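# starting from these lines, generate the structure:
(one chain, ligands or ions: 1)
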Amino acid sequence: MPEAASLMDKVVSLCKRRGYVYPASEIYGGLNSCWDYGPLGVELKRRVKEAWWRSMVHDRDDVVGLDSAILQSPLVWKASGHIEGFTDPMVDCRACKHRFRADHVEGSRCPDCGGELTEPRKFNLMFKTFLGAVEDDASVVYLRPETAQGIFVNFLNVLASSRKRPPFGIAQIGKSFRNEITPGNFVFRTREFEQMEMEYFTPPEQATRWFEYWRKERFDWYARLGVRPERLRMRDHRKDELAHYARACTDVEYEFPFGWSELEGIADRGSFDLERHSEASGENLKVFVEETKTHYTPFVIEPAAGVDRAALTFLVDAYDEDVAQGETRVVLRFHPRLAPITVAILPLVKKEGMPEKAREIERELRRRFTTFYDESAAIGRRYRRQDEVGTPYCVTVDGETMKEDTVTLRERDSMAQERIPVRDLVGSVEGRIEGWRRAGARG
Ligand code: ATP
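As a prediction, this is how the structure comes out:
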């Protein structure tokens, strides 16, 4: 495996070269820390979101979905405390004028030039814009800095329309915006990003139990999708680190080439959010208990993850190099459920009816999997290209296919090839996806 620093460079370069991630506005010189996802990157992100939605919503009966607007009334951000308190402490270097998050630098000297730093000042991270044609104070609105508040302000709507009662959750995936002081580390910290958040509303006496449940469940989700367990850990926040409203918080962290960093936070937010919105809006956000004829404000457990951070984790974690037939092979060992292309179909040569036969097989496979057809270059080169983008299976159509209706199915990780009747292909690929294990796959 490459050294940590070069690993990050290699991933960034592969992402650009193969169409995962490009610098935004590149033909105009780029825009600081903004990134565009290319044809393979968009597929990877979709799969990350699908895997999250499936495990958080579709595989259970106690969580429903929501897609709230990015623009909400400014009163929402006033009540939630974001206008007042969604700030990071910022320091400037008096010499080189570079700007840093005070909690990201040690001591009082600039990490870039050693110059003296100013005292920390509060910097609000919300982007402001104007709603409508008049640009005045009354028309100021904010781009949401998190998806969670859209969930809290719809609590009553969902309660009334879905017939759910606590314990139950509302899940949402969508873009959030934060004017980060120091974005960086590729897509790890950007100013526009996607979040996957779920607010789980529970009777207060069950909150601790659900907090424990969700921190384990969310940790396991990354491991189930193939992330190396030795690079994952849970970090419980100390009491003095907790946000003032949080009763407990655990971060799922991953060991990136730039160090252990947060992937996702799981917080027990108590009744803070619903109480704030209840007070500010005048709406009763309590739940009525039929048996005891009493009302209570639910507590909230929040697993909050980032799509881009998760995608970066899967990319970095999957990156591997090995030596095959005397050549260094770059391979992304994605879980087959995350790989942008599931099966590549490759006719051995561009003649003897092989391309037509391969196209016919592709049409069949396309109904079940994402496929990619490639007939250019030598077969070895085509395998390498698929390894490099993380395609778990390659199907090769050759002379025997034409005679016996069989193909070779090649596995990315072991490079093992097996001869399979065309009629068994779909079942065989499905079985392999089902049975995929990272440890087994890596031998
Ligand atoms: P940090 O301390 O890294 O700024 P945070 O604790 O403020 O993060 P949360 O508010 O808990 O982050 O957001 C939940 C998740 O959203 C994070 O774990 C991360 O995956 C994602 N996220 C937050 N900010 C960004 C960002 N600027 N770029 C990309 N993803 C982000």
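# going forward, measure contacts between C-alpha atoms and count neighbours the same way
Will do.
# domains of the protein?
The record's domain split for the chain, according to automatic domain parsing, is 4-70+145-315, 341-439.
# do the longest one and the ligand meet?
Right, domain 4-70+145-315. Yes - contact of domain 4-70+145-315 with the ligand (C-alpha under 6 Å from any ligand atom) involves 188-191, 193, 195, 262-265, 304-306, 309.
# that's a helix at Asp112, yeah?
No - counting by DSSP: H, G, I helix; E, B strand; the rest coil, Asp112 is located in no helix; its state is coil.
# report pLDDT for it.
Per-residue pLDDT puts Asp112 at 93.
# against the ligand, how distant is it?
Asp112 sits 21 Å away from the ligand, taking C-alpha to the nearest ligand atom, to the nearest Å as the criterion.
# who touches that residue in this structure?
By C-alpha atoms under 8 Å, 6 or more residues apart in numbering, the contact list for Asp112 reads His98.
# next, it: phi, psi?
Phi and psi for Asp112, reported as degrees, to the nearest 10, are phi -90, psi -40.
# likewise for the one 3 residues further on?
Phi and psi for Gly115, reported as degrees, to the nearest 10, are phi -70, psi 180.
# likewise for the one 3 residues further on?
In terms of degrees, to the nearest 10, the main-chain angles of Thr118 are phi -70, psi 170.
# and Gly132, what does it touch?
So Gly132 contacts Ser139 (C-alpha under 8 Å, 6+ apart).
# how many other residues sit next to the residue of the stretch 51-200 of the chain found nearest the ligand?
The nearest approach of the stretch 51-200 of the chain to the ligand comes at Arg189, 3.5 Å away (C-alpha to the nearest ligand atom). Residues near Arg189, counting by other C-alpha atoms under 10 Å, number 18.
# hmm, back to that, any chance of the domains of the chain in TSV with distance to Glu116 and mean pLDDT as columns?
Below are these laid out as TSV (distance: least, C-alpha to C-alpha, whole Å; pLDDT from 0 to 100):
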stretch	distance to Glu116	mean pLDDT
domain 4-70+145-315	18	97
domain 341-439	45	96
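# and the strands in the stretch 301-443 of the chain?
Taking DSSP state E, counting those that start in this stretch as the test, the strands found in the stretch 301-443 of the chain are 319-324, 327-332, 343-347, 371-373, 393-397, 406-411, 417-421.
# from Lys97, how far off is the residue nearest the centre of the chain?
Centroid-nearest residue in the chain, with C-alpha atoms, centre = their mean: Val307, separated by 2.2 Å. According to C-alpha to C-alpha, to the nearest Å, Val307 and Lys97 sit 32 Å apart.
# show the contacting residues for Cys34.
Pro23, Ala24, Thr190, Arg191, Glu192.
# one more time with 10 Å, if that's ok
For Cys34, the contacting residues are 22-26, 183-184, 186-187, 189-193, by C-alpha atoms under 10 Å, 6 or more residues apart in numbering.
# for it, grab phi and psi.
Per-residue torsions, Cys34: phi -110, psi 140 (degrees, to the nearest 10).
# the one 4 residues further on now?
Backbone torsions of Gly38, given as degrees, to the nearest 10, read phi -80, psi -170.
# quick one: residues contacting Pro167.
Contact analysis of Pro167 by C-alpha under 10 Å, 6+ apart lists 62-63, 200-204, 206-207, 210, 298-300.
# which ones among these are found in helices?
In helices, judged by DSSP state H, the following of the contacts of Pro167 are found: Ala207, Trp210.
# show me which of the contacts of Pro167 are buried.
The neighbour count (16 or more other C-alpha atoms under 10 Å) marks Asp62, Val63, Tyr200, Phe201, Thr202, Pro203, Pro204, Ala207, Trp210, Pro298, Phe299, Val300 as buried among the contacts of Pro167.
# the residues of domain 4-70+145-315 next to the ligand: which two are farthest apart?
Arg191 and Gly265 (18.3 Å; C-alpha to C-alpha).
# need the contact list for the closest residue to Val91 other than its chain neighbours.
Nearest non-adjacent residue to Val91, counting by C-alpha to C-alpha, 6 or more residues apart in numbering: Pro120, 4.8 Å away. Listed by C-alpha under 10 Å, 6+ apart, the contact set of Pro120 reads Asp88, Pro89, Met90, Val91, Asp92, Phe100, Arg101, Ala102, Asp103.
# which one (most neighbours) among those residues?
Neighbour counts for the contacts of Pro120 (other C-alpha under 10 Å) peak at Val91, which has 26 neighbours.
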